[in-house]
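Novice: give the three-dimensional model of this entry:
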Amino acid sequence: MFFSAYTVVAIAIALVIEMFDIDSLSSIVRYLVMSAGSMVAQIYVVNGVTCSEIYPTAVRNIAYATTQISGSIGSILGPQLFHLSSIFELLPYLVMLALQFGETFCVTVLVPESKGRPMADSMPEVNERFRLCRPKVVIDDEEIKKVSRLTPALPQNENIA
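Specialist: Reported below is the predicted structural model:
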């Protein structure tokens, strides 16, 4: 959280200095942007630890690969942001600020706290999962009975321990 908050504040201060075109503070802008970059580098390390702490073993590799691919895409596209300065001089700073603010908000709101909680062995049940863009589907007992009548019963082996 500290890394994200520091990055948001550093880029916001650099943006304000650039908006008012204060040439005497250009070295401070350079320092703020470089320090924000170093904080973002720390977030790459935290992503791996977060995947190990939050996701159950069944999907941990998928989650880790997804965060690494997203980070790689970001490191490829990040330097290209400064080409936006040909459109508007402050646009790269505005885009970085918006992306970092969005990331900070999403991590704060969506990533659950794992301290003091046991590691999950499996994914949550369907009704316990977080649903962002799709409606919650409620299955009542009538529908379960319909489905159970359509599917043949599997033989039960009582010798299995």
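Novice: what are the ranges of the helices in the chain?
Specialist: Along the chain, the segments classed as helices by DSSP state H run 2-19, 26-54, 57-77, 91-110, 141-150.
Novice: and those helices as TSV, adding mean neighbour count, distance to residue 119 and mean pLDDT?
Specialist: To be clear about C-beta, it is placed using only N, CA and C from the backbone, and glycine gets the same treatment. Supplementary listing: those in TSV, determined by neighbours: other CB atoms under 10 Å; distance: least, CB to CB, whole Å; pLDDT from 0 to 100:
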stretch	mean neighbour count	distance to residue 119	mean pLDDT
helix 2-19	18	24	84
helix 26-54	15	8	82
helix 57-77	12	8	87
helix 91-110	15	19	86
helix 141-150	9	31	66
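Novice: who wins for proximity to residue 123 among these?
Specialist: Each of those was scored for nearness to residue 123 using CB to CB, and the closest is helix 57-77 (6.5 Å).
Novice: that older thread, and the helices of the chain as TSV, adding distance to residue 118?
Specialist: Written out in TSV, the entries for the helices of the chain read as follows (distance: least, CB to CB, whole Å):
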stretch	distance to residue 118
helix 2-19	26
helix 26-54	12
helix 57-77	13
helix 91-110	21
helix 141-150	30
